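Q: Starting from these lines, generate the structure:
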Amino acid sequence: MTQEYDVTTPLDLDYYGVFDGVPDADRAWWQRARDFASGLEDRMVGHWERGEYPTDLVQQGGQLGLLSDGVDVSSLGMETLTPLAAGMVNMETSRTDGSLGTALAVQGGLALRTLMLFGSEEQKAAHGAALAKADTLGAFALTEPAHGSDSVSLDTTATLHGDEQTGHYVLNGEKKWIGNGSSGGLTFTWARVSGGEFDGKVRCFMVPQDTPGYRGEVITGKASLRAIDQALIHYEDVELAADAVLPHSRSFKDASVVLFATRLGVAWSAVGHAAACVEAALNYSKQREQFSKPIGAHQLVQERLAWMVSELTSMQLHVKHVTELDVAGKLSGPQASMAKYHNTRKARQIAHIARDMLGGNGILLQNKVARHMADIEAIHTYEGTESVQSLIIGRDLTGFSAFA
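A: This next block holds a predicted model:
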């Protein structure tokens, strides 16, 4: 008789009580995220296995206000999440499924944040609420096929014809690994301007995906984040009116502002992934029997569980503290990089130990560790690879830049 194991029950492992003092309002958002994600495990296993993107779930999350990622949406008549609430929503969503967590990061953390930081009042009024509620899916297009970590060297161009008020721009180039880039919504495209006052500068352009010359191809064959679409985007003489540019985007540094904000979100996401893996391992250790007793009664398994919980606790302490620094306006770029560097690295290690603890059952998608292990590989890379984060931290420590 084949035995089934319940490894998905939330255990809320918080050994130091890191989250005990979370304000009730923030805790309510955390609970709303849990209520939203509750019962989705089996469905997400199917989507992950088939490589399907459940956009209806993204829209449900948007209607619940879960996608704004701490972006100030008060001008849209919506409630703005505190940085702590936004982090906990990110954590809880990623604990259920990495693709859902990434959809949150793309829709709110990248696309909506870009619009609300750099758009005109007219642009924000026209598109802000639709993005926050996921009535319109949004994409953030920075990374290119030849420029990932070296994104400042982007090749996509926006050539100005006429003047900046009444003329138009023509976009040419390619972007890769763009979440929602083929969803039929809006793509916030970072391109180097040719002509006019901002000649040679990088600015952001709002591109409806049905614009002639825009073509987004879903990237297939992924072994990670299989339940969200990333696209390879081609811009072939894409003509945009002058008012397509986000007026407050004036240099590549503005793109960096968005990435700085989302780096902390990735660190929170890593906590969710790691918690899911530890929960699976602990639940499994109490149910799986070998040598006439539960494997959790064996010394080696207990040592592994203790190690995983100690590292998860360290991750929780990291995100709680840097979020407090963020609220106080004291969070630096290297500190955000440290949180991302530390947490995605630890999440990888925890996932590998958990997978080993589950033995052969650890590779079954229904037991969730294999999915999280694969998805952690993606968050370890996006929003700045481990190598890039280490160089940012190293430059801050030594005063020497080791970037090529």
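Q: element containing Glu197, please.
A: Using DSSP states H and E, Glu197 falls within no helix or strand.
Q: That one and Gln165 touch, don't they?
A: No. Using C-beta atoms under 8 Å, Glu197 makes no contact with Gln165, being 10.9 Å away. C-beta here means a position set from N, CA and C on the backbone, and glycine is covered the same way.
Q: Pick out whichever of those two has more residues nearby.
A: Glu197 (10 against 7; other C-beta atoms under 10 Å).
Q: residue contacts, the spatially closest residue to Gly128 that is not a sequence neighbour?
A: Once flanking residues are discounted, Gly128 sits nearest to Leu76: 4.8 Å by C-beta to C-beta, 6 or more residues apart in numbering. Taking C-beta atoms under 8 Å, 6 or more residues apart in numbering, we find Leu76 in contact with 124, 128-129, 132.
Q: Could you list the low-confidence segments of the protein?
A: 1-2, 148-151, 404 (pLDDT under 70).
Q: picking up where we left off before, tell me the spacing between the residue nearest to Gly128 and Ala244.
A: Distance, Leu76 to Ala244, using C-beta to C-beta, to the nearest Å: 21 Å.
Q: Likewise for Ala370?
A: 42 Å.
Q: Could you break the protein into its assigned domains?
A: For the chain, the structural domains run 24-137, 139-250, 253-398, going by automatic domain parsing.
Q: Quick one: closest of those domains to Tyr5.
A: domain 253-398 (5.1 Å; C-beta to C-beta).
Q: for the helix or strand hosting Val309, packing partners?
A: Using DSSP H and E, Val309 maps to helix 299-327. Counting contacts by 3 or more C-beta pairs under 8 Å, 6 or more residues apart in numbering; DSSP states H and E, helix 299-327 packs against helix 83-96, helix 252-287, helix 333-357.
Q: Now do the shortest one and helix 299-327, the angle between them.
A: In terms of direction (axes from the mean of the first three to the mean of the last three C-alpha atoms, to 10 degrees), helix 83-96 departs from helix 299-327 by 150 degrees.
Q: Repeat that for the longest one.
A: In terms of direction (the same axes, to 10 degrees), helix 252-287 departs from helix 299-327 by 150 degrees.
Q: Show the subsequent helix or strand relative to helix 252-287.
A: That would be, after helix 252-287 and using DSSP H and E, strand 289-290.
Q: Direction included, what does that next one pair against?
A: strand 293-294 (antiparallel) (DSSP bridges).
Q: So which residues make contact with the strand it pairs with?
A: By C-beta under 8 Å, 6+ apart, the residues outside strand 293-294 that reach it are 285-288.
Q: Among those residues, the buried ones, what's the ChimeraX command?
A: If you want just the buried ones from the contacts of strand 293-294 in ChimeraX, going by 16 or more other C-beta atoms under 10 Å, the selection is:
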select :285,288
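Q: Just put the contacts of strand 293-294 in JSON lines and tack on distance to Gly185.
A: JSON lines is the format used below for the contacts of strand 293-294 (distance: C-beta to C-beta, whole Å):
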{"residue": "Ser285", "distance to Gly185": "44"}
{"residue": "Lys286", "distance to Gly185": "44"}
{"residue": "Gln287", "distance to Gly185": "43"}
{"residue": "Arg288", "distance to Gly185": "44"}
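Q: Thr9 is nearest to which of the domains of the chain?
A: Taking C-beta to C-beta, domain 253-398 is the member of the domains of the chain nearest to Thr9, at 5.9 Å.
Q: so how far does the closest one reach from one end to the other?
A: Using C-alpha to C-alpha, to the nearest Å, the end-to-end distance of domain 253-398 comes out at 22 Å.
Q: Quick one: distance of it to the chain centre.
A: Relative to its chain's centre, domain 253-398 lies at 14 Å (C-alpha atoms, centre = their mean, to the nearest Å).
Q: Ok, stretch 242-250 next?
A: With C-alpha atoms, centre = their mean, you get 25 Å for stretch 242-250.
Q: ranges for the helices of the stretch 1-150 of the chain?
A: For the stretch 1-150 of the chain, applying DSSP state H, counting those that start in this stretch gives helices covering 24-37, 41-50, 55-63, 83-96, 98-104, 113-118, 121-132.
Q: Same question for the helix holding Val309: list its buried residues.
A: 301, 304-305, 308-309, 311-313, 315-316, 318-320, 322-323, 325-326.
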